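Enquirer: got a structure for you, letters missing:
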């Protein structure tokens, strides 16, 4: 009797451990959790180490006078350098840092991000199972300003993101074409 | 007699090891050597891992229709995030990837680097002892195109770089203002 109980407890704890590990791995492959910044309404968290990601490209939106720097996590960088971006692999995360533009003080025909006017950081998380429901296979999230307030409300969590990206549905919903390096 | 010879050999080998170590450390602090790409005429080598550096900023030169992404080695990133960039610390290396500009196919008012038109990668190496002679405390180097041919000849190794950067002498010779992150 005692032995059986011990066996049951052991079996249960092994099961719990196994589930935690699976959950942990699945989570890790998509984003690292951070506690300082609030998750968005879809439960997507800001990837905690995105500030150390490598660069995929940059762009200058002359329509709204912003400069953007596009970063990728390791999975995204590996895919972009291998030219395997249509579709992007599961686990890839793309991040975009958006700033108001500024003329360089000493070179007025050079337009750069204004370091003091950070607008938002926005992300696309590729996971064709977790995000199958929205029809894109990507999770969409944005955190606003220096306080990194999650974007979205009950009327628009990611609809405006998806609507804006619909013209590039055939490029796996991504506008950015990664730079190539020598 | 035999003992003395052994002592001499030991002493000499210790000295050689010490010198190698010193040389190794000095070199490492400025750039990692790469054998594939030729050094420039000043003996400056392409930093071998610059493709994995983190981003400092980006710029759009509307005068010559190029997009630039500015990267930094670990020392430069640390300095840029601490706001300690005037002067930049010894060991900092700044790299600039330059591409011809391209309109985004699906968003014509977004200008991005043309991945198929890489122009050059150029670098500034801060070392106020090694590069004291040119009056800037920086080593200047550029490698052209996908073949990464070192820029410069006997008539102009770095004079044109320095001349162009003279307006920002008061910013430790650097045009770029690093982005700030939340």
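Expert: Nice, thanks for sending it over. Bear in mind that the values here come from a model prediction, so they are computed numbers and not experimental data.
Enquirer: mind checking how far the most centrally placed residue in chain A is from chain B?
Expert: Centroid-nearest residue in chain A: residue A:123, 3.3 Å away (criterion: CA atoms, centre = their mean). Relative to chain B, residue A:123 is positioned 13 Å away (CB to the nearest CB, to the nearest Å). Backbone N, C-alpha and C define where each C-beta goes, glycine included.
Enquirer: is that residue bridged to anything, and to what?
Expert: residue A:95, residue A:141 (DSSP bridges).
Enquirer: wait, doesn't it sit right on residue A:98?
Expert: No. Applying CB atoms under 8 Å, one finds residue A:123 not in contact with residue A:98, separated by 11.6 Å.
Enquirer: dump the residue contacts of the residue nearest to the centre of chain A.
Expert: Going by CB atoms under 8 Å, 6 or more residues apart in numbering or on different chains, residue A:123 touches A:44, A:46, A:47, A:50, A:93, A:94, A:95, A:96, A:139, A:140, A:141, A:142.
Enquirer: change it to 6 Å
Expert: Neighbouring residues of residue A:123 by CB atoms under 6 Å, 6 or more residues apart in numbering or on different chains: A:93, A:95, A:141.
Enquirer: mind checking how far the second one is from residue A:72?
Expert: Plainly put, residue A:95 is 7 Å away from residue A:72 if you go by CB to CB, to the nearest Å.
Enquirer: spell out which residues of chain A are next to chain B.
Expert: A:51-52, A:54-55, A:57-63, A:69, A:104, A:106, A:109-113, A:115, A:146, A:148, A:167-168, A:175, A:177, A:179-182 (CB under 6 Å from any CB of the partner chain).
Enquirer: among those, name the buried ones.
Expert: A:51, A:54-55, A:57-62, A:69, A:104, A:110-113, A:115, A:148, A:168, A:175, A:177, A:179-180 (16 or more other CB atoms under 10 Å in any protein chain shown).
Enquirer: and the pLDDT at residue A:20?
Expert: Residue A:20 is assigned 41 on the pLDDT scale.
Enquirer: domains of chain A?
Expert: What automatic domain parsing lists as the domains of chain A is A:1-30, A:33-171.
Enquirer: quick check: which of those domains is buried the most?
Expert: Comparing the domains of chain A by mean neighbour count (mean count of other CB atoms under 10 Å in any protein chain shown), domain A:33-171 comes out on top with a mean of 18.
Enquirer: average pLDDT across that domain?
Expert: So the average pLDDT for domain A:33-171 ends up being 96.
Enquirer: distance from it to the middle of the chain?
Expert: 6 Å (CA atoms, centre = their mean, to the nearest Å).
Enquirer: quick one, strands of chain A?
Expert: Assigned strands in chain A, in chain order: A:54-61, A:66-72, A:93-104, A:107-126, A:138-144, A:149-150 (criterion: DSSP state E).
Enquirer: please verify my assumption that residue A:38 contacts residue A:150.
Expert: Yes. Counting by CB atoms under 6 Å, residue A:38 does reach residue A:150; the two are 5.2 Å apart.
Enquirer: list the contacts of residue A:148.
Expert: Listed by CB under 6 Å, 6+ apart, the contact partners of residue A:148 are A:37, B:182.
Enquirer: can you give me the distance of it to residue A:61?
Expert: Distance, residue A:148 to residue A:61, by CB to CB: 21 Å.
Enquirer: may I see the strands of chain A arranged in JSON lines, with distance to residue A:162 as well?
Expert: Formatted as JSON lines, the strands of chain A follow (distance: least, CB to CB, whole Å):
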{"stretch": "strand A:54-61", "distance to residue A:162": "19"}
{"stretch": "strand A:66-72", "distance to residue A:162": "18"}
{"stretch": "strand A:93-104", "distance to residue A:162": "15"}
{"stretch": "strand A:107-126", "distance to residue A:162": "10"}
{"stretch": "strand A:138-144", "distance to residue A:162": "7"}
{"stretch": "strand A:149-150", "distance to residue A:162": "17"}
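Enquirer: closest to residue B:77 out of these?
Expert: Distance to residue B:77, taken as CB to CB, is lowest for strand A:54-61 among the strands of chain A, at 11.6 Å.
Enquirer: the closest one pairs with which strands?
Expert: Strand pairing (DSSP bridges) places strand A:54-61 next to strand A:66-72 (antiparallel), strand B:107-126 (antiparallel).
Enquirer: adding distance to residue A:154 as columns, could you present those strands in CSV?
Expert: Converted to CSV, those look like this (distance: least, CB to CB, whole Å):
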stretch, distance to residue A:154
strand A:66-72, 27
strand B:107-126, 28
